[in-house]
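Chemist: Just to be clear, the model below is a prediction. Sequence and coordinates:
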Amino acid sequence: MPKQPTLQAVPRPSPDFTDRSYWAGTIKMALSRFFVLQVLHDGPAHGYDIARAVERTTNGCCSPSEGALYPTLREFEQGGYLTSESEVVSGRERKVYTLTDKGRDAFKVGLEAWMDATTTLTETGRAAKARNKAKDTCQC
């Protein structure tokens, strides 16, 4: 009886948590999703307009690519957070996305969660600065 090969997972390198770009990428990915909801909370829009509005709203901090935006829109649509409708403009078909009531609720809950996180981060930053200042002035 031939011996079956053993499959082993290839270890994935651990992220460098000291690299600011790791944290920036993680935050931007989550924020982009939130700001897609925010743009649609303001009114229906098609994909290109959503991406540009997110970029404008965040002063360029978040600029979702097509490769990130459209899967997010599909996921939101499958979850019942938005609907889409095709329209033809200048002979080209495009989808216009509109938030549902569930999507509006998701935006409100997301806003509350981001505000809580922002408050906590601000307080943590102040406490860290105070600790560092106390450490620097200590004549121990």
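Modeler: Done, it's in.

Chemist: Now the helix or strand that residue 108 is a member of: average pLDDT?
Modeler: Element membership for residue 108, per DSSP states H and E: helix 101-137. For helix 101-137, mean pLDDT is 88.

Chemist: Could you do stretch 34-45 as well?
Modeler: Stretch 34-45 comes out at a mean pLDDT of 95.

Chemist: Residue 70 versus the most centrally placed residue in the chain, what's the distance?
Modeler: In the chain, the C-alpha nearest the mean C-alpha coordinate belongs to residue 30, at 2.2 Å (C-alpha atoms, centre = their mean). Residue 30 sits 18 Å away from residue 70, going by C-beta to C-beta, to the nearest Å. (Glycine included, C-beta is placed from N, CA and C.)

Chemist: what does residue 80 give?
Modeler: 18 Å.

Chemist: Which one of these two is surrounded by more residues?
Modeler: Using other C-beta atoms under 10 Å as the criterion, residue 80 and residue 70 rank with residue 70 on top: 15 against 12.

Chemist: A strand includes that one, no?
Modeler: No: looking at residue 70 with DSSP: H, G, I helix; E, B strand; the rest coil, it is helix, so not inside a strand.

Chemist: Please name the residues that touch it.
Modeler: residue 47 (C-beta atoms under 8 Å, 6 or more residues apart in numbering).

Chemist: how much space between it and residue 90?
Modeler: 21 Å.

Chemist: average model confidence for stretch 61-80?
Modeler: Rounded mean pLDDT across stretch 61-80 is 92.

Chemist: Now do that stretch: distance to the chain's middle.
Modeler: 9 Å (C-alpha atoms, centre = their mean, to the nearest Å).
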